[in-house]
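J.: Structure of the sequence below:
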Amino acid sequence: MGTSQRFVQIIDFETDRIDELRALAEEGERSITGRTDGPRRRLVLQDRSRPNRYLVIVEFDSHEEAMRNSADPETGKFAERMAALCTSPPAFTDCDVQDTTEFS
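T.: Purely as a prediction, here's the structure:
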């Protein structure tokens, strides 16, 4: 796979402390703003049938950039703090983006 293929990581977690988790995410955003090797986009979803379940979709320009981000000590600290706010361990799914379609 070439480095130009976009890559997405999906984080599936449950928490009853979403406000604290949002504050942690905002703190993390400040540390990556302006970086050229960090995530490009993040989408946060809440499960309607299980309100304490969330999915976060984080998009990177490539798998290699995602792996560099994962290896960053700050990312590790963030993941530990995030896990402490969850009611069960987060599950991670790594995906290569095959196709995207924008609808008006």
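J.: Pick out the residue closest to the middle of the protein.
T.: For the chain, the residue nearest the mean C-alpha position is Val58 (4.0 Å; CA atoms, centre = their mean).
J.: Just the pLDDT at it, thanks.
T.: At Val58, the model reports a pLDDT of 94.
J.: For the remainder of this discussion, apply numbering that starts at 248.
T.: All right, first residue 248 from here; so that's Val305.
J.: can I assume it is in contact with Arg253?
T.: No: using CB atoms under 8 Å, Val305 and Arg253 do not qualify as a contacting pair, with a distance of 11.2 Å. For every residue, glycine as well, the C-beta is placed using N, CA and C.
J.: Now for this structure: which helix has the highest residue count?
T.: Criterion DSSP state H: the longest helix present in the chain is helix 265-279.
J.: what packs against that one?
T.: Helices and strands touching helix 265-279, as assessed by 3 or more CB pairs under 8 Å, 6 or more residues apart in numbering; DSSP states H and E, comprise helix 320-331.
J.: Tell me the secondary structure of Arg289, please.
T.: strand (DSSP: H, G, I helix; E, B strand; the rest coil).
J.: Can you tell me the element the residue nearest to Val291 when sequence neighbours are not counted falls in?
T.: Take Val291 and drop its neighbours on the chain: the residue closest to it by CB to CB, 6 or more residues apart in numbering is Val303, 5.3 Å away. Per DSSP states H and E: Val303 is located in strand 300-307.
J.: Direction included, what does that strand pair up with?
T.: Strand 300-307 has the following strand partners under DSSP bridges: strand 254-261 (antiparallel), strand 288-293 (antiparallel).
J.: wait, which of these is closest to Thr340?
T.: Closest approach to Thr340 among these (CB to CB): strand 254-261, 4.3 Å.
J.: average pLDDT for the closest one?
T.: Per-residue scores along strand 254-261 average to 97.
J.: Report the backbone C-alpha coordinates of it in CSV.
T.: C-alpha atoms of strand 254-261 as CSV (Å, rounded to 0.1, in the frame of the first residue of the first chain):
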residue,chain,number,x,y,z
PHE,A,254,-6.3,5.5,7.0
VAL,A,255,-9.0,5.6,9.7
GLN,A,256,-8.9,4.3,13.3
ILE,A,257,-12.3,3.6,15.0
ILE,A,258,-12.3,3.8,18.8
ASP,A,259,-15.4,2.1,20.3
PHE,A,260,-15.9,2.8,24.0
GLU,A,261,-18.4,3.2,26.8
